[in-house]
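# Kindly generate the corresponding structure for this input.
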Amino acid sequence: MEKLDSLFVKHHREVLIQRVTSEVTSVIADELRGNTNIPMDFPHSLIQEAPADAKMNMLLQALSTHKAISTFYSVLQAKVPNLVKELEHQDAQFVVSHSDELIQKVNPVMPIADSLKAGKIIHEETYSKIDVASIPQNKMRKLLDALSTNKAKSAFYNLLKDNAAFRVLVEDLKRQGVKQEIPGSSAQKSSEVLETESRSQNTEIQQMQATQKRSEGKQITWRNESSTIHRTKIKEMLRERNLKNIDSLYFYKDEKYMISSEESNAQVYIGMREDGIEVAIKLITKNPKNNNDFENELKLLQNKNLESKNIVKYMTFAQDNDFYYLANQLCEYDLEEYMKSLRQSEQNNEKETTLRSIMKDMLHGLQVLHHADVIHRDIKPGNVLIDLEKTARLADFGISRKLEKGKTTVKTKRDGTQGWEATEIVNQPKEGSYKKSSDIQVAGMLAYYILSDGKHPFGDPIRREGNISDGNYSLDIQDITAKDLIEWMINKEQDKRPTIDKVLNHPYFWDDKRIREVLHSLGNKEEVENYKNYETKNKELYDIVQKHTEGKTFFNWKSKAPQTWPKFSNFLPNDLLGLLRHLRNALTHNKCLFDEEKMIDEFPDFLISLHRLAMDMSWEY
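Modelled structure (predicted):
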């Protein structure tokens, strides 16, 4: 509420200076002083002794916090209630008179709804109805319907005026209203006209300041010069004579400054925020579909639950009559470009480690989304960006969807990228039933793309969609642990795919420390300790162990174990369970030999089978 009170005072400042009498101003100042809302170092006597037309101005300058201004607003309501009601009525008249235009042109809606909910202007139930509305126009209709008082409409109006993206719209509608003598826009004691009159003596100064600001905008300075890949282009762009300026964003609309990939339909340009921070600016043409996608993406990017080093960072947005301008953190590459640079690099010895790290980053980004009940729906190389620190970040949430509370599926129009869609989506040509597992299958395709240096598990583009539909894949990869993970992820059957947490707990991602933890944890299970004659004492465990032993490299492991290994008990089973117990004993009692002999590497499929055994037995570790 403090913020909304502050906005009312801010946008009616000149009217208050003009119309609140000297005596009332002195009374308000005394009450505020008693509440210690005016800074103690401010000479209170100056307000009392100031000329009548300067008192209110000095008082407002002394209010430095939202709390102080909100207190001022409360006192103002008590001392001059009719003036406050008059100004709220004028604001409300504007909203009512221009409701049709506001419904069509205000987008995104949810940031305004967020502020109104925080200020207790709308209730949680109303907010939810606005949130679930299908298109921005319906969201606005529900929001406006909820503004039942002049005070509520005034709060909405002041939020619009305070938003740089909507300020131009408000001014345009006011000008149109004056011409058409629409209430709320006319010159009859309008607060806006009084504002204009009170400022007339400063017009020349303000014009000079505006000109200076525009000039400064064109000569904006790159503050941190952090980007390496885009450094030359950024410096060239800043030398351009006619930089395009939309609110706080600056860019030059020329193909040489475009950084979106050829496969992308989006126009993304190198740009700069007015504070000198480089950004990537995505231009989104205004139309009914894009309006909805843009609001959806903006809401997700502003969601605190999605803040992560593996999710692209939102910076700001702006809009004009034709486009939305979405500004995100400027990254160095997309995934395809980065892999190309790795191929060309002379320092190729760390390539495998780098690709594994990129794959893990991408999956961690997906984990953040899924934990927030968000389905990405468009995972592909172009939507994975690599930042300055070589960290991968998921991007582009225009068609992502937030699951409703308690739901696991969202039914919506098929809208992904051909060749990067799950089997169940390919098989439903018009409307798809998307689950988190749909993302998992496509993330598995992308994981293989990363580890195979650009190949797709379902083949070339011509046959790809048919192969996805039929579940026909081919994995040309040497690392059997990675192959096991990818096969699990790209399974044709939705319910057989892992969750994202299970993906990241797969042996492919286990380092030496994690392997030791797993061996200790599983090797110390009561069922494993009691291995003698377990085939008769625990038939369920025995059957599962045999399933994960037959045909593996460690089948009859006792006869294959190197002579240098520690001696083992004759009672140890000659299967997965026995090998687990033996490795656990070696790690516990003879760690140096365990490390020197690299015992864990002797049977490359051991960890895969151990992982499956633990899942089948529901063992936590």
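# and stretch 417-435, which residues are buried?
417, 419, 420, 421, 422, 423, 424, 425, 426, 432, 434, 435 (16 or more other CB atoms under 10 Å). From N, CA and C alone the C-beta is placed, and that goes for glycine too.
# same check, this time on stretch 450-467
Quick answer for stretch 450-467 (16+ other CB under 10 Å): 450, 451, 452, 455, 456, 457, 458, 459, 464, 467.
# what's next to it, contact-wise?
335-336, 339, 343, 355-356, 358-359, 362, 418-419, 421, 426, 444-445, 448-449, 468, 472-477, 479, 482, 486, 490 (CB atoms under 8 Å, 6 or more residues apart in numbering).
# In helices, which of the buried residues of stretch 417-435 appear?
Counting by DSSP state H, the members of the buried residues of stretch 417-435 that fall within helices are 423, 424, 425, 426.
# Count residues in the vicinity of the nearest residue to residue 537 once chain neighbours are set aside, would you?
Counting by CB to CB, 6 or more residues apart in numbering, residue 530 is the residue found nearest to residue 537 once chain neighbours are left out, at 7.1 Å. If you count neighbours by other CB atoms under 10 Å, residue 530 ends up with 12.
# can you check the one 5 residues further on too?
Residue neighbour count, defined by other CB under 10 Å, stands at 16 for residue 535.
# Repeat that for the one 5 residues further on.
The tally of other residues near residue 540 (other CB under 10 Å) stands at 10.
# Check it and give its pLDDT.
According to the prediction, residue 540 has pLDDT 94.
# what do you get for residue 294?
88.
# Residue 363 touches residue 443, doesn't it?
Yes: assessed by CB atoms under 8 Å, residue 363 is found in contact with residue 443 at 6.4 Å.
# Any chance you could list residues touching both of those two?
Jointly contacting residue 363 and residue 443 under the rule CB under 8 Å, 6+ apart are 500, 503.
# re the thing from before, now the contacts of stretch 450-467: which count as buried?
335-336, 339, 355-356, 358-359, 362, 419, 421, 426, 444-445, 448-449, 468, 473, 482, 486, 490.
# May I see the buried residues of stretch 23-33?
24, 25, 26, 28, 29, 31, 32, 33.
# Just the element for the first one, please.
This points to residue 24. Taking DSSP states H and E as the criterion, residue 24 maps to helix 22-34.
# Tell me how far the residue lying closest to residue 416 once chain neighbours are set aside lies from residue 3.
In space, residue 416 comes closest to residue 378 once its chain neighbours are excluded; the distance is 5.1 Å by CB to CB, 6+ apart. Distance, residue 378 to residue 3, using CB to CB, to the nearest Å: 35 Å.
# More neighbours: those two, which one.
Between residue 378 and residue 3, counting by other CB under 10 Å, residue 378 is the more crowded of the two (21 against 17).
# one step back: so what does the residue nearest to residue 537 look like in phi/psi?
In terms of degrees, to the nearest 10, the main-chain angles of residue 530 are phi -90, psi 60.
# ok, it touching residue 524?
No: using CB under 8 Å as the test, residue 530 is too far from residue 524 to be in contact (11.5 Å).
# Find the residues that touch each one of the two.
In contact with both residue 530 and residue 524: no residue, using CB under 8 Å, 6+ apart.
# Out of the buried residues of stretch 417-435, the closest to residue 555 would be?
residue 423 (33.2 Å; CB to CB).
# re earlier: tell me the one of the ones in helices among the buried residues of stretch 417-435 nearest residue 160?
residue 425 (39.0 Å).
# Grab the nearest non-local neighbour of the closest one.
Closest residue in space to residue 425, ignoring its immediate chain neighbours: residue 432 at 4.2 Å, by CB to CB, 6+ apart.
# Next, the contact list for the one you found, please.
Residue 432 is in contact with 411, 412, 413, 414, 424, 425, 438, counting by CB under 8 Å, 6+ apart.
# Now render these as JSON lines, adding pLDDT, secondary structure and distance to residue 113.
As requested, the contacts of residue 432 are exported to JSON lines (pLDDT from 0 to 100; DSSP: H, G, I helix; E, B strand; the rest coil; distance: CB to CB, whole Å):
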{"residue": "411", "pLDDT": "88", "secondary structure": "strand", "distance to residue 113": "25"}
{"residue": "412", "pLDDT": "86", "secondary structure": "strand", "distance to residue 113": "22"}
{"residue": "413", "pLDDT": "85", "secondary structure": "strand", "distance to residue 113": "25"}
{"residue": "414", "pLDDT": "84", "secondary structure": "coil", "distance to residue 113": "29"}
{"residue": "424", "pLDDT": "94", "secondary structure": "helix", "distance to residue 113": "33"}
{"residue": "425", "pLDDT": "93", "secondary structure": "helix", "distance to residue 113": "31"}
{"residue": "438", "pLDDT": "96", "secondary structure": "helix", "distance to residue 113": "29"}
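# could you redo the residues you listed as JSON lines and give each row distance to residue 318?
As requested, these are arranged in JSON lines below (distance: CB to CB, whole Å):
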{"residue": "411", "distance to residue 318": "33"}
{"residue": "412", "distance to residue 318": "28"}
{"residue": "413", "distance to residue 318": "28"}
{"residue": "414", "distance to residue 318": "31"}
{"residue": "424", "distance to residue 318": "38"}
{"residue": "425", "distance to residue 318": "34"}
{"residue": "438", "distance to residue 318": "33"}
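# Which of those are buried? Put it as a ChimeraX command.
Under the burial definition 16+ other CB under 10 Å, those of these that qualify are selected in ChimeraX by:
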select :424,425,438
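# roughly how far apart are residue 250 and residue 143?
32 Å.
# if we look at the longest helix along the chain, which residues are touching it?
Among all segments of the chain classified by DSSP H, the helix with the greatest residue count is helix 351-371. Contacts of helix 351-371 with the rest of the structure, by CB under 8 Å, 6+ apart, involve 305-306, 308, 310-311, 335, 338-339, 342, 345, 375-376, 379, 384, 386, 390-394, 400, 436, 439, 443, 446-447, 450-451, 499-501, 503-504, 509.
# After that helix, which helix or strand is next?
Next element after helix 351-371 (DSSP H and E): strand 374-375.
# Name the strands paired with that following strand and say parallel or antiparallel.
The pairing partners recorded for strand 374-375 under DSSP bridges are strand 401-402 (antiparallel).
# so for the strand it pairs with, what's the average pLDDT?
92.
# Stretch 18-36 now?
79.
# Also stretch 305-322?
91.
# Could you check how far it is from the centre of its chain?
Its chain's C-alpha centre and that of stretch 305-322 lie 7 Å apart, by CA atoms, centre = their mean, to the nearest Å.
# what's next to it, contact-wise?
Under the criterion CB under 8 Å, 6+ apart, residues 107, 164-165, 168, 246-249, 273, 277, 279, 285-286, 298, 300-302, 324-329, 331, 361-362, 364-365, 368-369, 371-372, 374, 385, 391-395 lie in contact with stretch 305-322.
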